[in-house]
Every structure is written in structure tokens, then in C-alpha cells.
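Student: what follows is a predicted protein model with its sequence.
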Amino acid sequence: MNTIETNNPTPQTLQNKSLLLNAKGISHNFDYPLFDNIDLALHKSETIAIIGASGCGKSTLLNILSSLLIPNHGEVFYENTNICTLSQKKLLELRRNIFGIIFQAHYLFRGFSATENLQIAEFLSGNTIDKDLLKRLKIDHILHQGIGELSGGQQQRLSIARILTKKPKIIFADEPTGNLDKTTAKEVMDVLFEYVAYEKAGMILVTHEEDLAFLCDKVYKINDLKLERVK
Ligand SMILES: Nc1ncnc2c1ncn2[C@@H]1O[C@H](COP(=O)(O)OP(=O)(O)O)[C@@H](O)[C@H]1O
Ligand SMILES: [Mg+2]
């Protein structure tokens, strides 16, 4: 039971040091309304899953929460910053240094090797790659290979390694294990959970796979334009 936190936090609760992301009164529609007046709060060390049928707006909501899309109504705060009104320059900084966004389709530099892709992340973030992370993602043996020589699953794990090298404060993951087999998917999720716990980061996972979703601390379902708490 969720007793302490309120589902409808006022801006004052942003004083709450453990609050990472706070979405308030989010409404959005494309051809038809997707959600109406949704609130969602993410705290440090917390993992949240959002589930729902295909087309219900999971990716749209994640795009709003991760600064990629401005909602029709409502605001999203990262700590005390309203990310819906940030300048383009500040948004890029936020996405480069603070948010780690993992999509199902991986954005790697083709024509470069796996190692070179990781070195780019090292260079941009000033962090070094955690060799142990590469072992746990089972990609330590493919580093010399070109991106085109890797399987879809290997590419996905490499892109996750690249994102974790940035040490993001919040991971936003949209069907991150969509092209992995069940065992590998679970292993990759475990790496993400360990990362969140160790770094006191937060994660919002969007998936249609309920068994993966229920590994998270909280689960919400998009239902009838609202977010319904199901765990
Ligand atoms: N950029 C867009 N322009 C217009 N319609 C969109 C756009 N993005 C998504 N949609 C529509 O919004 C609905 C929800 O899409 P999406 O958020 O991708 O759902 P989900 O991730 O739950 O499958 C779909 O009907 C989709 O076609
Ligand atoms: Mg989607």
C-alpha cells in the first residue's frame, strides 16, 4: 500500500529530496484523447512500469515524461525544473547528462565497432565504461565487432551499456527488451534494476509484457484516459 506519498503532490512536495520526476495534470491527444489529467511521481531508487494495450499511449506518455514531447496540458518537473518550458539548449543538456532514454530500436553509430560506440559515450560523458557491466550484459566478447555484425539483441545490450556509461539519474525505457529472448530480457532487466539501486537513480519502464512490468516497484496501467495503479 502506498500510504505516505500523495498521488496529487503540490509543488511544495518538490522540497522532498527523494523526488526525481513529478508529472502533474498531464493531458494529451493526437487524433483522439490519450490521457486526461494524469499525475505521476518517481522517487530515487524507484522503478515504475507503465503497461496497457497497444496504441493506448504508453510511448506517448514516456516521450512526455522524458522531455521529447510537450503535452497539451500539464507540467513535468525534474527535481525543481519544469522541463516543459526549458530552452532547447537546456533540454539537450538534460537529455545528454541526466536522462537516459532507451528505445526498442537502438541508436548506434553504424560503421563503427562496438568499442568505438562505447568510447563515444565515454568521451561525451567523461565517465569510463564499467567492464563488469559489459560482462553482465554478455557483450564483453563482441567489442571488436562492427555494429552490422551484431545480432539485434547484442545491439540492444550495447546501446544499454552506452546509456548506462552516462550514469543517468533517470532511465526511461520503451520496450527495452522487445527484441530479446525471455532469458536475456530478464538478465538485461536485472542489470537495469541493479543500476537503479546502486546509483539511487529512477526508472520508468514502458512495456506490454506484464511479467517484466511486475518486477518494478510500482505498476500503472493506462486505462480509460487515466493511470490506474495496479501494483
Ligand atoms: N506523433 C504522432 N502523431 C499522431 N498520432 C500519434 C503520434 N504518436 C502516436 N500517435 C498515436 O497515438 C496513439 C498512441 O500511440 P503510442 O503512444 O505509440 O501507443 P503505445 O506505445 O501504447 O502502443 C496511437 O493511436 C498512435 O497512432
Ligand atoms: Mg509504444
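Tutor: Done, it's in. Residues are numbered from 1 along each chain as shown. Ligands and ions are numbered 1, 2, ... in the order given.
Student: what about the helices in the protein?
Tutor: Assigned by DSSP state H, the helices in the chain fall at 58-65, 88-97, 114-125, 131-136, 152-165, 182-199, 210-213.
Student: got the residues of the chain near ligand 2?
Tutor: Within the chain, the residues that sit near ligand 2 (C-beta under 5 Å from the ion) are K58, S59. Every residue, glycine included, has its C-beta placed from N, CA and C.
Student: next, the contact list for the spatially most central residue of the chain, please.
Tutor: In the chain, the C-alpha nearest the mean C-alpha coordinate belongs to F172, at 0.9 Å (C-alpha atoms, centre = their mean). Neighbouring residues of F172 by C-beta atoms under 8 Å, 6 or more residues apart in numbering: L62, L65, S66, F99, G100, I101, I102, M203, I204.
Student: so the residue in the chain positioned nearest to ligand 2 versus P71, what's the distance?
Tutor: Nearest to ligand 2 in the chain, going by C-beta to the ion, is S59, at a distance of 3.2 Å. Computed as C-beta to C-beta, to the nearest Å, the S59 to P71 distance reads 14 Å.
Student: now swap in H106 and tell me
Tutor: Per C-beta to C-beta, H106 is found 26 Å from P71.
Student: can I get stretch 63-83 as PDB, trimmed to CA atoms?
Tutor: Taking Å, rounded to 0.1, in the frame of the first residue of the first chain, the C-alpha atoms of stretch 63-83 are listed here in PDB:
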ATOM      1  CA  ASN A  63       8.000  10.800 -24.500                       C
ATOM      2  CA  ILE A  64       6.300  13.400 -22.500                       C
ATOM      3  CA  LEU A  65       7.900  12.300 -19.200                       C
ATOM      4  CA  SER A  66      11.400  12.200 -20.900                       C
ATOM      5  CA  SER A  67      11.200  15.700 -22.400                       C
ATOM      6  CA  LEU A  68      10.800  14.500 -26.000                       C
ATOM      7  CA  LEU A  69       7.200  15.700 -26.300                       C
ATOM      8  CA  ILE A  70       5.400  18.700 -24.800                       C
ATOM      9  CA  PRO A  71       1.900  17.700 -23.500                       C
ATOM     10  CA  ASN A  72      -1.300  19.600 -24.400                       C
ATOM     11  CA  HIS A  73      -1.800  20.300 -20.800                       C
ATOM     12  CA  GLY A  74       0.200  19.800 -17.600                       C
ATOM     13  CA  GLU A  75       3.800  20.000 -16.400                       C
ATOM     14  CA  VAL A  76       6.700  17.700 -15.800                       C
ATOM     15  CA  PHE A  77       9.300  18.600 -13.200                       C
ATOM     16  CA  TYR A  78      12.700  17.100 -12.900                       C
ATOM     17  CA  GLU A  79      13.600  18.000  -9.300                       C
ATOM     18  CA  ASN A  80      12.600  21.700  -9.300                       C
ATOM     19  CA  THR A  81      12.900  22.300 -13.000                       C
ATOM     20  CA  ASN A  82       9.800  22.400 -15.300                       C
ATOM     21  CA  ILE A  83      11.100  20.600 -18.300                       C
END
